[in-house]
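Engineer: any chance you could fold what I've pasted below:
(4 chains, ligands or ions: 2)
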Amino acid sequence: MDRIYMDYSATSPLRKEALDAMMPYLTENFGNPSSIHWFGRTAKKAMEEARASIASSIGAADPSEIIITSCGSEADNLAIWGVMETYGKKHIITSAIEHHAVIDTVKILAKEGYEATYIPVDEYGLVDPEAVRNAIRPDTGLVSIMHGNNEIGTIEPIGEIAGICKEKGVLFHTDAVQTLGHIPINVQAIGADLLSFAGHKFYGPKGIGGLYVRKGIRLEPQLTGGAQERKRRAGTENVAYIIGMAKALELAIAEMPDETRHLTTLRDRLIKGLFERIPEIKLNGHPTKRLPGNVNISYKYVEGESLLLHLDMNGIAASSGSACTSGSLEPSHVLMAIGLNHETAHGSVRMSLGKYNTEQDIDKVLEVYPGIVAKLREMSPLYVKTTCARKEFCDESGTCSVNK
Amino acid sequence: MDRIYMDYSATSPLRKEALDAMMPYLTENFGNPSSIHWFGRTAKKAMEEARASIASSIGAADPSEIIITSCGSEADNLAIWGVMETYGKKHIITSAIEHHAVIDTVKILAKEGYEATYIPVDEYGLVDPEAVRNAIRPDTGLVSIMHGNNEIGTIEPIGEIAGICKEKGVLFHTDAVQTLGHIPINVQAIGADLLSFAGHKFYGPKGIGGLYVRKGIRLEPQLTGGAQERKRRAGTENVAYIIGMAKALELAIAEMPDETRHLTTLRDRLIKGLFERIPEIKLNGHPTKRLPGNVNISYKYVEGESLLLHLDMNGIAASSGSACTSGSLEPSHVLMAIGLNHETAHGSVRMSLGKYNTEQDIDKVLEVYPGIVAKLREMSPLYVKTTCARKEFCDESGTCSVNK
Amino acid sequence: MYTDIVMDHLTNPRNMGEIENADGIGQIGNPVCGDIMRITIRVKDGVLEDIKFKTFGCGAAIATSSIVTQMMHGKTIKEALALTNKHVAEELGGLPTNKLHCSNLAADALHLAIKDYLTKNPGAVEGVDPANIIVKDDHDEEQGPSCGSI
Amino acid sequence: MYTDIVMDHLTNPRNMGEIENADGIGQIGNPVCGDIMRITIRVKDGVLEDIKFKTFGCGAAIATSSIVTQMMHGKTIKEALALTNKHVAEELGGLPTNKLHCSNLAADALHLAIKDYLTKNPGAVEGVDPANIIVKDDHDEEQGPSCGSI
Ligand SMILES: Cc1ncc(COP(=O)(O)O)c(C=O)c1O
Ligand SMILES: Cc1ncc(COP(=O)(O)O)c(C=O)c1O
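Structural biologist: Ligands and ions are numbered 1, 2, ... in the order given. Just a heads-up that it's a prediction; the model follows:
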């Protein structure tokens, strides 16, 4: 079966150029960067060049501002615990729609004696910067608001929020795992103090990430017992992946204008096509302040996992912002935060487009998806047949074929 | 220059078979194992097969007992914090010669309200199991004693120690980063409750490791916000490296008897040759309870880093158990713990042999090393020329050529 | 994740729909969990002459509903009451652990339908008192592994 | 890690050895840190006619010792006293940060040798009182990054 991948927000394939850049470090240049001999120095040099490249890709002032981690989650954990343990303040602010790596970690802090404020969002998933301002207290140690939401794609006004934090003298962290390499980021222009990212979201390898930490910010290390990463993160470095991530990022930034055009075109075509063909659906997230490849739609009366499974049987890989892979219990906190009711939240599917998607892919989805939705609605005890949204999709007998 | 690598304990090259096994997961099989679609399931299946393979390689009862981490250090940190935070006990026991990932982490616990006991070692680096028994208190939460020491290669009696812990009802962790894949390990036979390892020490990739956690042991996760690794370690998994590590481990175990023979032969030849050619040296670690590839020798009157640099100029990569790559301050805690004085500790070099070393490599070292030591001794204000240890290496004039 | 049997029922659900003027209707689940099942039955001489299901829910919810209608077609009320959710999961070749509690409710839905039938037709089946058919709709209290987003 | 100049001095140390019956001897460092330097000098008419070093220590320690003997050969006592450890590091094209404090002590060792000479030969150099030559051997208190083993 020809398979169509539309889950680039979950992970992206490793691009060839990045793999090529990695290969020497998976083979002959195998030294441990901490070793002082030739093998070690060779690895160290390449790793430090990659670090410098990442620093310059995000507009950091100095390569030493980049701490390499094993994933985006670790970067988020390090930012939050690292800052909170260092500065002795008791209050942390985050949003209601953060990735679990942030929000679950903040919840744990809240259990361990810290206090947390969760800023709500509007129906589009936007955080109001003024709400952040009002939540800041004298004992606020950190504000952590994500850059782009992984489920609904909404892009937050982090520049404004960073400005408010600066004014108030509070450190600002942003989870840019979904945005780095996809929309322009310059840490100094934004005014972010800390910024998380993960290689596998921009065609780099899976299992590597990083945290930008502005010079002067101290950070209690979370992984201890090694002098690596200037004593801020112990453990022998994944040299090959660091190099792969740097390469992928460099290329993502170079190609960003073309890529954005490509993705937004496909995205808008897909959204329009689905709305034309399937009644009673709802686009989640902001109409324009949105990741270029993100399409998150709620399909009333049906549940997300069964949609995904049917898409998968048709060779289409997507993901659900509702049911998760590990059990259909609570629906997504993000979808609940934008005000969806439980059924609707459970009936949401995220299609996240990427570099290798084509117009043909979109057409294929538009061809098979209406039938899948119709079949599952037919099966749903919640579904009461409505009249057809668009006459042109109804067959002669007058019953709406998309509901069959 | 033909380079000779003798720093396998620092890191080993990735073996071809492991890289081959990884390649599909660095290219077409790029799914996120958490995704429920085909791409995700394909990745997940391979990852779980790798986990099962690792479990069986170490004699674990179940694949779910293996938590994948990003390195050996993370496994050590997870074991220590994970257990101590879960069981509410205040006391932890470790040895004086642990890797920094353990000993530094224990020191941090000790600063944060826990109590630590550091068991001393004898002149060979051996921990006395009875000393562990005597240190156990009613509030002891964990005993962490390494399996094989990374600097001096001493292999600890962890089976006995595990037995005592079991008898006393205390959990036992062992850092097996230097031993897994090199000497036989069966977690159940040993009786270890937790066991750390790292792929890059047995010809797997750098930046992946794992922790065996016996079923039934709860572990407060240290990286939060993701359901991966049964909620014990958040973050998108490094699928390719997990597969590479499993493959490397499988092969290391299959080849262990031959490999041990190869390494001990080379090791003993190297030790013997150095003792014949260089006076006033001392073998550190245990003469027989020793990692097959470990040669750690103190060269009196000279400092380790300058030895290493001279070896490196001759194309020989080794490492120093004394001065580290990041500054010649305190000498190694391991060498101090076995009773060396400061000068002697500073003058130690570790040569760790591996799969790809040959007799020719040993001969080359034996050819150039005596001259290096002699040159540096000549330069040393601590050196007072002694009479020759072995007449046969002295030239006609009666002055000892090895001291020139 | 799912067995082939589950996938088969998901692709080709058996007895999907609703019996008009059914003798009994049972519905279980709630939208919070994302699983709602409705089973309708036609009974004749103490035998399930027809069973149909409608389900809003994940793959496991659909497959369990579908297979229950297939398993119980033509069976007696007593046989149907002996069926457990566990049997259903086994018949499907197993379900992921986390789906066992929240999505495996089709036997319960069937029992509710029978209860409904017996309540409306007291004494229809000898020795079975509908008041004794107790289905605890407590699955939303169950602690399953929660989700991680990616 | 090290510059080519450092590596050159490490490979081919200049003026290595000890002047017999030296006019002045200076030694600095301690075994705990792993760096000990001894500089011996021969002085004639207020000029360093000969300088030699012996060093136990890392690459930086050896290179700084070696280059100091080269830089100061034929220089006056006054010029030698103006030399700082910082100059030495610069002359080597820089040293790793963590080596700046613990291993860059050759200028200090030279000053101690001059002090020794002047103490034994009071008034040998006009206007220089050995009591004013103060070398603080405090590098073991410095906080450099500590080590990680691998
Ligand atoms: C005994 C021991 N424990 C832990 C580690 C840490 O492993 P890693 O560098 O993969 O974090 C090492 C190696 O550096 C080691 O030798
Ligand atoms: C917004 C956001 N933050 C953090 C993460 C975690 O990244 P990783 O899975 O690499 O740990 C992800 C992706 O899963 C994400 O989308």
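Engineer: what's the local residue count around the residue nearest to residue A:160 when sequence neighbours are not counted?
Structural biologist: Leaving aside its chain neighbours, residue A:160 sits nearest to residue A:129 (4.2 Å; criterion: CB to CB, 6 or more residues apart in numbering or on different chains). Backbone N, C-alpha and C define where each C-beta goes, glycine included. Other residues near residue A:129 come to 20 when the count uses other CB atoms under 10 Å in any protein chain shown.
Engineer: ok, residue A:129 - contacts?
Structural biologist: Residue A:129 makes contacts with A:157, A:160, A:161, A:163, A:164, as judged by CB atoms under 8 Å, 6 or more residues apart in numbering or on different chains.
Engineer: how about a cut-off of 10 Å?
Structural biologist: By CB atoms under 10 Å, 6 or more residues apart in numbering or on different chains, the contact set of residue A:129 is A:119, A:145, A:156, A:157, A:158, A:159, A:160, A:161, A:162, A:163, A:164, A:165.
Engineer: CA atoms of the worst-scoring helix or strand of chain C on mean pLDDT as PDB?
Structural biologist: Least confident helix or strand, chain C: helix C:97-102 with a mean of 79, by mean pLDDT, DSSP states H and E. Taking Å, rounded to 0.1, in the frame of the first residue of the first chain, the C-alpha atoms of helix C:97-102 are listed here in PDB:
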ATOM      1  CA  THR C  97      -4.600  -3.600  29.100                       C
ATOM      2  CA  ASN C  98      -5.700  -0.100  29.300                       C
ATOM      3  CA  LYS C  99      -8.700  -0.900  27.100                       C
ATOM      4  CA  LEU C 100      -9.900  -3.600  29.300                       C
ATOM      5  CA  HIS C 101     -11.700  -1.400  31.700                       C
ATOM      6  CA  CYS C 102     -12.800   1.600  29.800                       C
END
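Engineer: touching chain A at all, it?
Structural biologist: Yes. Helix C:97-102 is in contact with chain A by CB under 10 Å from any CB of the partner chain, via C:97, C:98, C:99, C:100, C:101, C:102.
Engineer: what of stretch C:64-83?
Structural biologist: Yes. For stretch C:64-83, a contact with chain A is found by CB under 10 Å from any CB, at C:65, C:66.
Engineer: that stretch: which residues count as buried?
Structural biologist: For stretch C:64-83, a neighbour-count test (16 or more other CB atoms under 10 Å in any protein chain shown) marks C:64-69, C:71-72, C:75, C:77, C:80-81, C:83 as buried.
Engineer: check stretch A:12-28 too.
Structural biologist: In stretch A:12-28, counting by 16+ other CB under 10 Å, buried: A:12, A:13, A:14, A:15, A:18, A:19, A:21, A:22, A:23, A:25, A:26.
Engineer: and it, does that touch chain C?
Structural biologist: No. Using CB under 10 Å from any CB, we find that stretch A:12-28 stays clear of chain C, coming within 11.8 Å at best.
Engineer: you'd agree residue A:374 is up against residue A:307?
Structural biologist: No. At 11.5 Å, residue A:374 does not count as touching residue A:307 under the criterion of CB atoms under 10 Å.
Engineer: gap between the two ends of stretch A:350-363?
Structural biologist: For stretch A:350-363, the first-to-last residue distance is 17 Å (CA to CA, to the nearest Å).
Engineer: distance check, the spatially most central residue of chain A against residue A:293.
Structural biologist: Centroid-nearest residue in chain A, with CA atoms, centre = their mean: residue A:178, separated by 3.0 Å. According to CB to CB, to the nearest Å, residue A:178 stands 10 Å off from residue A:293.
Engineer: before we move on, what about residue C:116?
Structural biologist: Taking CB to CB, one finds residue C:116 at 48 Å from residue A:293.
Engineer: higher neighbour count, the two?
Structural biologist: Taking neighbours as other CB under 10 Å, residue C:116 and residue A:293 compare with residue A:293 leading, 26 against 21.
Engineer: with adjacent residues omitted, what lies nearest to that one?
Structural biologist: residue A:353 (3.8 Å).
Engineer: among the buried residues of stretch A:12-28, which one sits closest to residue D:41?
Structural biologist: residue A:25 (49.4 Å; CB to CB).
Engineer: so that closest one: helix, strand or coil?
Structural biologist: Judged by DSSP: H, G, I helix; E, B strand; the rest coil, the three-state class of residue A:25 is helix.
Engineer: is it correct that it is in contact with residue A:243?
Structural biologist: Yes. Between residue A:25 and residue A:243 there is a contact under CB under 10 Å: 5.7 Å.
Engineer: find residues that contact each of the two.
Structural biologist: In contact with both residue A:25 and residue A:243: A:43, A:46, A:47, A:50, using CB under 10 Å, 6+ apart.
Engineer: out of the residues you listed, which end up buried?
Structural biologist: Here, 16+ other CB under 10 Å leaves A:43, A:46, A:47, A:50 buried among these.
Engineer: which ones among the residues you listed lie within helices?
Structural biologist: Within those, residues falling in helices by DSSP state H are A:43, A:46, A:47, A:50.
Engineer: which one is the first one nearest to, not counting chain neighbours?
Structural biologist: Among residues not flanking residue A:43 along the chain, residue A:31 sits closest, at 4.0 Å (CB to CB, 6+ apart).
Engineer: try the last one
Structural biologist: Closest residue in space to residue A:50, ignoring its immediate chain neighbours: residue A:246 at 3.6 Å, by CB to CB, 6+ apart.
Engineer: isn't the one you found right up against residue A:25?
Structural biologist: No. The criterion here is CB under 10 Å, and residue A:246 misses it with residue A:25 at 11.5 Å.
Engineer: common neighbours of these two, please.
Structural biologist: Counting by CB under 10 Å, 6+ apart, the residues touching both residue A:246 and residue A:25 are A:46, A:47, A:50.
Engineer: check the gap between the second one and chain D for me.
Structural biologist: Plainly put, residue A:47 is 14 Å away from chain D if you go by CB to the nearest CB, to the nearest Å.
Engineer: again with residue A:193
Structural biologist: Residue A:193 is 24 Å from chain D, by CB to the nearest CB.
Engineer: the more surrounded of residue A:374 and residue A:307?
Structural biologist: Taking other CB under 10 Å, residue A:374 and residue A:307 do not tie; residue A:307 has more neighbours (24 against 20).
Engineer: quick one: neighbours of the closest residue to residue A:206 other than its chain neighbours, just the number.
Structural biologist: Take residue A:206 and drop its neighbours on the chain: the residue closest to it by CB to CB, 6+ apart is residue A:200, 3.9 Å away. By the measure other CB under 10 Å, the count of residues near residue A:200 is 30.
Engineer: likewise residue A:215?
Structural biologist: 9.
Engineer: help me confirm that it comes into contact with residue A:194.
Structural biologist: No. Counting by CB under 10 Å, residue A:215 stays clear of residue A:194, with 11.7 Å between them.
Engineer: does stretch A:179-196 reach chain C?
Structural biologist: No. On the criterion CB under 10 Å from any CB, stretch A:179-196 is out of touch with chain C, staying 14.7 Å away.
Engineer: now that stretch: buried residues?
Structural biologist: Buried residues in stretch A:179-196 (16+ other CB under 10 Å): A:179-183, A:185, A:187, A:190-196.
Engineer: which of those residues lies closest to residue B:358?
Structural biologist: residue A:181 (45.1 Å).
Engineer: tell me the SS of the closest one?
Structural biologist: Quick answer, by three-state DSSP: residue A:181 is coil.
Engineer: which residue lies nearest the spatial centre of chain C?
Structural biologist: residue C:106 (1.6 Å).
Engineer: can you name the element that comes right after whichever strand or helix holds residue C:67?
Structural biologist: Following DSSP states H and E, the helix or strand that holds residue C:67 is helix C:59-72. For helix C:59-72, the succeeding helix or strand toward the C-terminus, using DSSP H and E, is helix C:77-82.
Engineer: export that next one to PDB, keeping only CA atoms.
Structural biologist: C-alpha atoms of helix C:77-82 as PDB (Å, rounded to 0.1, in the frame of the first residue of the first chain):
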ATOM      1  CA  ILE C  77     -31.200 -15.100  28.100                       C
ATOM      2  CA  LYS C  78     -29.500 -17.200  30.700                       C
ATOM      3  CA  GLU C  79     -26.500 -17.900  28.600                       C
ATOM      4  CA  ALA C  80     -26.300 -14.200  27.800                       C
ATOM      5  CA  LEU C  81     -26.400 -13.300  31.400                       C
ATOM      6  CA  ALA C  82     -23.400 -15.600  32.100                       C
END
